[in-house]
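> Structure for the following, please:
(chains A and B)
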Amino acid sequence: GAVVSQHPSWVICKSGTSVKIECRSLDFQATTMFWYRQFPKQSLMLMATSNEGSKATYEQGVEKDKFLINHASLTLSTLTVTSAHPEDSSFYICSYALQSNEQFFGPGTRLTVL
Amino acid sequence: AQSVTQPDIHITVSEGASLELRCNYSYGATPYLFWYVQSPGQGLQLLLKYFSGDTLVQGIKGFEAEFKRSQSSFNLRKPSVHWSDAAEYFCAVGGNNFNKFYFGSGTKLNVKP
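Down below sits the predicted model:
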């Protein structure tokens, strides 16, 4: 149980284009979810916390207009990287908080911006 | 401030040898502690977690971890390492109110044949 999927698993795009990453909880529903990113050889850094039906809360230094989060249902959230640039190339991981003290992570999406 | 420190960036052990990965945390409330393993290009796999109770917790793949409140530590151990254990290991701490997780910087484990 508690399976989270992400799509796509790998995407390459040209600089200036937008990319949408989906995160789904497959066998449970959850109100709260998180988006992280991980640069090569680094740890996971939280980008934003999102509650279904509400605006996401972004961490300091994360541009909300660049990383658009849509969390319209209890099982689906999307992260759109707008006008992507090579410095946005990273591994993006989502997670759902099924319980108040635990998160279940997706397999990640590798974004490469050329 | 909330933080997790993994002091060892790289560790190399021989196959069959024992392993201990260190994790120290700073958290202003009751900590909920986790160890994850990540293979290259892959997502996180939960090895074990500590919420309360017995301070020695058992996880998957023969791993265990011990919570020591007095030392603010949650070290991961395995008595005999297998070549397939080579990966990156992350310690994380969270709270009890849908709080965000804080991750350590990770420890990359290499296993010598």
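
> okay, now A:G53: neighbour count?
Per other CB atoms under 10 Å in any protein chain shown, the neighbour tally for A:G53 reads 10. No exception for glycine: its C-beta is placed from N, CA and C like everyone else's.

> Which pLDDT value goes with it?
For A:G53, the model assigns a pLDDT of 87.

> Which stretches in chain B count as strands?
For chain B, the strands defined by DSSP state E cover B:3-5, B:10-14, B:19-21, B:24-26, B:32-38, B:44-50, B:56-58, B:64-68, B:73-78, B:87-94, B:102-103, B:107-112.

> Please name the residues that touch the closest residue to B:L44 other than its chain neighbours.
Excluding its sequence neighbours, the residue lying closest to B:L44 (CB to CB, 6 or more residues apart in numbering or on different chains) is B:Y36, at 4.2 Å. The neighbours of B:Y36, taking CB atoms under 8 Å, 6 or more residues apart in numbering or on different chains as the test, are A:F105, B:L44, B:Q45, B:L46, B:L47, B:Y89, B:F90, B:C91, B:A92.

> and the nearest residue to the fourth one once chain neighbours are set aside, what pLDDT?
Spelled out, it's B:L46. Once flanking residues are discounted, B:L46 sits nearest to B:Y36: 5.8 Å by CB to CB, 6+ apart. Predicted confidence (pLDDT) for B:Y36: 96.

> ok, what's across the strand from B:Y36?
Counting by DSSP bridges, B:Y36 forms beta bridges with B:L46, B:F90.

> Give me the distance between it and A:C13.
Distance, B:Y36 to A:C13, using CB to CB, to the nearest Å: 28 Å.

> Same check on B:C23?
For B:C23 relative to A:C13 (CB to CB), the value is 36 Å.

> Show me which residues of chain A sit near chain B.
A:32, A:34, A:42-46, A:49, A:93, A:95, A:97, A:100-103, A:105-108, A:110 (CB under 8 Å from any CB of the partner chain).

> Please report how far B:N75 lies from chain A.
18 Å (CB to the nearest CB, to the nearest Å).

> follow-up on the earlier one: tell me the most packed of the contacts of B:Y36, by neighbour count.
Top of these by neighbour count (other CB under 10 Å): B:C91, with 29 neighbours.

> for that residue, what are its contacts?
B:4, B:6, B:21, B:23, B:25, B:33-36, B:74, B:76, B:103-104.

> In those residues, which residue is surrounded by the most others?
B:F74 (29 neighbours).

> Return the residues in contact with that residue.
B:F74 touches B:C23, B:N24, B:Y25, B:L33, B:W35, B:Y50, B:A65, B:E66, B:F67, B:K68, B:C91, B:V93, counting by CB under 8 Å, 6+ apart.
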